[in-house]
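Peer 1: Just a sequence and a predicted model for now, questions to come.
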Amino acid sequence: MNPLTLNNALFAPLFTDATVAAAFSTERTLAAFIAFEAALAEALAELGLATPEKADAAAAAIRAFRPDLDRLAAATTDDGLPVPDFVAQLKAHVGDDLKGLVHVGATSQDLIDTATVLALRDVSDHLAAGLTRLSAHLTDLEARFGSNAMMARTRMQAALAFTVADRLATWRLPLDGHLARLAALRPGLERIQFGGAVGDRRFPDGQGEALARSMAERLGLAPALRAWHAMRESFAEYAGWLSLVTGSLGKIGADICLMAQQGVEEIGFAAAGKSSAMPHKQNPVRAELLVAFARFNAGELAGMHHALVHEQERSGAAWALEWMTLPGMAMTTAAAIARAEELLATVNRIGAPR
């Protein structure tokens, strides 16, 4: 998302969400890196590839690690990613006796992809809770106003009379469908990434598969049949889901904008946006934002589909495109849900009583 909307205090309240920002924060990313490396050390002992005493000492030292962020940032500009210097600092921290248990059989993409998955797990919980609340808001509006009469409109022209409940159903049912879709796609998304240098999980004694399963269990993730370094369908599918959600909320926003027009006035609010020049106006600002969010995510989705093209075993370009795109889409979706909740909470009239 554009830095103007993320970092400018005048605009950020409209476009940001604290939970999503925290999920992708420096602190949470580093915590995920540390959790990955600690799980790896402990898995080595479970499979007999390290002594329990040494693995426990390594895991404890790893969990106590706090990197030099200034050095890490400087190295990232040279390396193109933070993992090489993170691992170098971590090995120095644990010492010569334990560094052989750090990052064994792993590669940078394993850490970054796993950290992304862990972030998306938290984001998905947050978005699912928001969609559940929105569905409840719409059920409440139907109970309050559903029997009221209103004009159905096709191609923005008056068609036939129907009820408010008919309009609200087209708002609520897609949200319920999105919750079901999210539940179905999460198992394929929330998977460990562990493949090593070229994604083949080549490891001494042929225990790469068992190592990945052990790490996945420790991190609360699903195992993956093999590393998915160059198979990015789960991220693209998730991005598509984000765009579907904002698209449905955008439809609600577009409908409300039309319903609120002077001369139509099929909906009323306890509060609405002020105009700096025309005090008689009440601008449907939150409804307009829902339309903007839908269009933003629809445009960004193309970037995630471009990122499906990972050349051969790994692509730096496609991978970086994901970093630029997916967090912004998640942030946009969370902001859309928040603005929709605020909007629906202010509705005090829909349609005309019979």
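Peer 2: Received the coordinates, thanks.

Peer 1: And for Gly146, nearest residue in space, chain neighbours not counted?
Peer 2: Spatial nearest neighbour of Gly146, excluding adjacent residues (Cβ to Cβ, 6 or more residues apart in numbering): Ala165 at 3.5 Å. C-beta here means a position set from N, CA and C on the backbone, and glycine is covered the same way.

Peer 1: how many neighbours does the spatially closest residue to Leu101 that is not a sequence neighbour have?
Peer 2: Nearest non-adjacent residue to Leu101, counting by Cβ to Cβ, 6+ apart: Ala58, 4.2 Å away. By other Cβ atoms under 10 Å, 26 other residues sit near Ala58.

Peer 1: secondary structure element for Ala58?
Peer 2: Assigned by DSSP states H and E, Ala58 belongs to helix 52-63.

Peer 1: what's the distance between that helix and the middle of its chain?
Peer 2: Relative to its chain's centre, helix 52-63 lies at 32 Å (Cα atoms, centre = their mean, to the nearest Å).

Peer 1: after that helix comes which helix or strand?
Peer 2: Helix 52-63 is succeeded, C-terminally, by helix 69-79 (DSSP H and E).

Peer 1: just to revisit the earlier point, residues of the host helix or strand of the residue nearest to Gly146 that come out buried?
Peer 2: For Ala165, the host element (DSSP H and E) is helix 164-189. Judged by neighbour count (16 or more other Cβ atoms under 10 Å), helix 164-189 contains these buried residues: 164-165, 167-168, 171-172, 174-175, 178-179, 181-182, 185-186, 189.

Peer 1: Any figure for the gap between the closest residue to Arg153 other than its chain neighbours and Ala352?
Peer 2: Counting by Cβ to Cβ, 6+ apart, the nearest residue to Arg153 once its immediate chain neighbours are dropped is Ala159, at 5.7 Å. Distance of Ala159 to Ala352, given as Cβ to Cβ, to the nearest Å: 16 Å.

Peer 1: cool, Pro174 as well?
Peer 2: In this view, Pro174 and Ala352 are 26 Å apart by Cβ to Cβ.
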